[in-house]
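Participant: sequence first, then the predicted structure:
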Amino acid sequence: MELHEKLEAEARRLGCGWFGVAPAASLDKDLVALRAWLEAGQHGDMEWLARDPQRRCDPNQVVEGCRSVVVLGLNYLREALPADPAPPPPGMGRISKYARTRDYHRVLEKILKSLARYIDNELFPGATTRGYVDYGPVMERPWAARAGIGFVGKHTLLIHPAEGSFHFLAVLLTTADLQSSHPVQVDMPDCGDCRRCIDACPTGAITEPWKLDARRCLSYLTIEKEGTIDEEFWPQTAGYIFGCDICQDVCPYNRKRAVVRQEPSPLGAPLVPAAVPLA
C-alpha cells in the first residue's frame, strides 16, 4: 500500500485528480458488449476500434506479464455549466469543452511517461510500464470502474459520484504488482431511473441506457465522420462545429457536483471560447 500511495501522490503532484489501480484481468463481459457493438456497425468510420477487440480487453496481450492497471483522470472543466444546452445563436459555432484547451494527448502523454519512469526506476526497478491516452488497445472506462473511481453512466461516459464526468482518462499497464484501490462498493451511486441524457440527445444517439450508436452522435458527426454529414442530421448539427456536451450538460451529477477547477492545470487556461463566429 505504501508504494500505491507514493504513486498516487506523484500522480496528483503532476496534476491528475482521479487515481485508481485495478488488478490486470481480462474484461470478458466488456468484450462481449464490444463485439456486439462492432458487429452492429455502430462504430461508424472508426475502423481502428475494430482491430483485434480481444486484445483490447486483455492487458496481458498488450504488455506481457501485466499485473496492474493504473487509471488517471484530469479535469478539463473550466467554466460553469450553461443553464440551457441549446445550440448557439445563428452565425456562431459551438466547440466542445474538452477541445478548448491544450491538446490533452500531449499533456497526459507527458504525465504518463513521467509516472512510467517513476514505477520502472524507483518503485519497481525492472518493471515494464506502458501508457495510453485515448488510443491503443485499452478500454479506459471499464478499467476506471474496476479501480473504484466511478461508474459508467447511461450515456456510456464515466461518472465520478462526487465530481461528475468532465475528465480525461488515461491508463498505465504495468508488470508491477501494485496494491489495488478499494473496489467499487455495492452501494456505489448510479443513474437510477434518470434518463435525461437519453431524452436530451438531439439525434437519438443513446438508443437505450448504456447503448450509444456513434453514427448518430454529434461528436462523431462533427469530428470523426469521413465525408459529408448525412442530410437527416443537418438540422441537429446546426451550430455544432466540433463535438457536443449535451448529454453531460444535463446530467444531474454534473449539474450538482461537477468541479470547476480554478487552480493551475497541466492543460492551461482555455484557448478558445465556447462559441466562435462561423464566418
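Facilitator: Noted; the coordinates are in hand.
Participant: please pull out the lowest mean pLDDT helix or strand from the protein.
Facilitator: Taking mean pLDDT, DSSP states H and E as the measure, the helix or strand of the chain with the lowest value is strand 275-277, at a mean of 86.
Participant: quick one: contacts of that strand?
Facilitator: Around strand 275-277, the neighbours that count as contacts under C-beta atoms under 8 Å, 6 or more residues apart in numbering are 88, 91-95, 241. For glycine as for every other residue, the C-beta is placed from the backbone atoms N, C-alpha and C.
Participant: spell out the residue ranges of the strands in this protein.
Facilitator: Using DSSP state E, the strands assigned to the chain run over residues 18-23, 68-75, 92-95, 129-132, 151-152, 158-159, 167-174, 206-208, 211-212, 240-242, 275-277.
Participant: of the contacts of strand 275-277 - the most surrounded one?
Facilitator: When neighbours are counted as other C-beta atoms under 10 Å, the busiest of these turns out to be residue 94, with 24 neighbours.
Participant: ok, that residue - contacts?
Facilitator: Here residue 94 is in contact with 87-88, 239-242, 244, 274-275 (criterion: C-beta under 8 Å, 6+ apart).
Participant: and those residues as a markdown table, adding distance to residue 224?
Facilitator: Written out in a markdown table, the entries for those read as follows (distance: C-beta to C-beta, whole Å):
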| residue | distance to residue 224 |
| --- | --- |
| 87 | 20 |
| 88 | 21 |
| 239 | 19 |
| 240 | 13 |
| 241 | 14 |
| 242 | 11 |
| 244 | 12 |
| 274 | 21 |
| 275 | 21 |
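Participant: which one among those residues gets closest to residue 4?
Facilitator: Sorting these by distance to residue 4 puts residue 244 at the head of the list, at 36.6 Å, by C-beta to C-beta.
Participant: returning to that earlier point: quick one: closest of the strands of the chain to residue 115.
Facilitator: Nearest to residue 115 among those is strand 167-174; the distance by C-beta to C-beta comes to 6.2 Å.
Participant: where is the longest helix in the chain?
Facilitator: For the chain, the helix reaching the highest residue count under DSSP state H is reported as helix 104-118.
Participant: buried sites along that helix?
Facilitator: Neighbour counts over helix 104-118 (16 or more other C-beta atoms under 10 Å) mark 104, 107-109, 111-112, 115-116, 118 as buried.
Participant: render the CA-only coordinates of it in CSV, please.
Facilitator: As requested, C-alpha coordinates have been extracted for helix 104-118 and formatted as CSV (Å, rounded to 0.1, in the frame of the first residue of the first chain):
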residue,chain,number,x,y,z
TYR,A,104,-4.9,16.6,-23.9
HIS,A,105,-3.0,13.8,-25.6
ARG,A,106,0.3,15.6,-25.4
VAL,A,107,-0.4,16.8,-21.8
LEU,A,108,-1.3,13.4,-20.5
GLU,A,109,1.4,11.6,-22.5
LYS,A,110,4.0,13.7,-20.6
ILE,A,111,2.4,12.8,-17.3
LEU,A,112,2.3,9.1,-18.2
LYS,A,113,5.9,9.0,-19.3
SER,A,114,6.9,10.5,-16.0
LEU,A,115,4.9,8.1,-14.0
ALA,A,116,6.1,5.1,-16.0
ARG,A,117,9.7,6.1,-15.3
TYR,A,118,8.8,6.5,-11.6
